[in-house]
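# Sharing a model that was predicted from the sequence below.
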Amino acid sequence: MFSLDRLRALDAVATHGSLARAARALHITPSGVSQQLAKLEREAGHTLLEPHGRGVRLTHAGRVLAGHAARVVAQLSDAESDLADLGDEILGPLRLGGVGSSLRALLPDVLEALTEAHPRLVPTVVDGEAVDMVPRLLAGELDLVLVESWDSRPMPLPEGLAVRTLVVEDVDVALSARHPLADRASIGLAELEGEVWTACPAGTEPYEALVQALRAHGLEPDVRYPVTEYATQLAFVARDLTLALVPRMAQRPCPPGVRFVPVRPGLRREVRAAWRAARDSPSVRACLELLAPQPG
């Protein structure tokens, strides 16, 4: 592997045209430049300089390697500039993750505003459940995630994470318009004995929240349709195959033939932003400023 200092020396000679001028640019002696280039020639296995009049010039191999050296030096200069700007400018990667319904409802406007205000910011987004996202956040693979916590199953978060609640919303039961309870003003959870359910897969917050909410009333849910997307769950509900517990943010888009009815006792979901408390970078802070708490 070529030494960076030696590549800098070669780039300086190619740029300034002589050992003396390259030495002045690098703030070292001409003999220092010569020593760097002699070592680089041994690493490269090619002669890089040849006598030319009273000075030297690059050989063909020297010009080839100098082109690469110039790109390496330029990239490093850009990196140094970016790092110097971090205290003042929002730039570089911002890796976001979260549950699909919250991403769809909260992130599009935030991402639009962020990228317009900070064109050197590079956001990426992955969707998934909190059970998968939080370990990736702790491992440093993500910078900020949107997670959910339900009344019936509060989500515990590990130490080292900072959290901000963004939304507190009601959760309704989704039924087909053909269901006998579809026209009710509200439905007691204890009335739903023997119903078939759809929910996110086992182990996720929505699944565990459904299980705990019904067990609190002595019921064991029959979850026959474990699917991740609420849109798919609602498609099954519309065909009168199943019921679902659906937060307000996840109720659109919705196919025809679905009714949303409040439950008794009321059930709510919180959507929270979580990030590593020790790593609240300028890009994370900028995102949090735009992810303001929403009215319930």
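Perfect, thanks for sending it. From a predicted model like this one, the values you see are computed outputs, not experimental measurements.
# ok, residue 200 to residue 49 distance?
Taking CB to CB, to the nearest Å as the criterion, residue 200 is separated from residue 49 by 66 Å. C-betas here are computed from N, CA, C, even on glycine.
# And for residue 213?
78 Å.
# Show me where the stretch 151-296 of the chain has its strands.
161-176, 187-188, 196-199, 222-226, 244-247, 258-276 (DSSP state E, counting those that start in this stretch).
# Which among those is found nearest to residue 17?
strand 258-276 (49.7 Å; CB to CB).
# Buried residues of the closest one, list them for me.
Buried residues in strand 258-276, counted by 16 or more other CB atoms under 10 Å: 258-261, 263, 267-276.
# now swap in stretch 2-16 and tell me
For stretch 2-16, a neighbour-count test (16+ other CB under 10 Å) marks 6, 7, 8, 9, 10, 11, 12, 13, 14 as buried.
# ok, residue 200 and residue 49, which is more surrounded?
residue 200 (24 against 20; other CB atoms under 10 Å).
# what stretches of the stretch 1-150 of the chain score poorly on pLDDT?
Residue ranges of the stretch 1-150 of the chain with pLDDT under 70: 1, 77-89.
# Swap in 50 and give it another go.
Along the stretch 1-150 of the chain, segments meeting pLDDT under 50 span 84.
# All the helices of it, in order from the start?
All helices of the stretch 1-150 of the chain, identified by DSSP state H, counting those that start in this stretch, fall at 4-16, 19-26, 30-44, 60-85, 100-117, 130-138.
# got the angle for the last one vs strand 161-176?
Calculated by axes from the mean of the first three to the mean of the last three CA atoms, to 10 degrees, helix 130-138 forms an angle of 160 degrees with strand 161-176.
# just the shortest one next, same as before
Going by the same axes, to 10 degrees, helix 19-26 is angled at 80 degrees with respect to strand 161-176.
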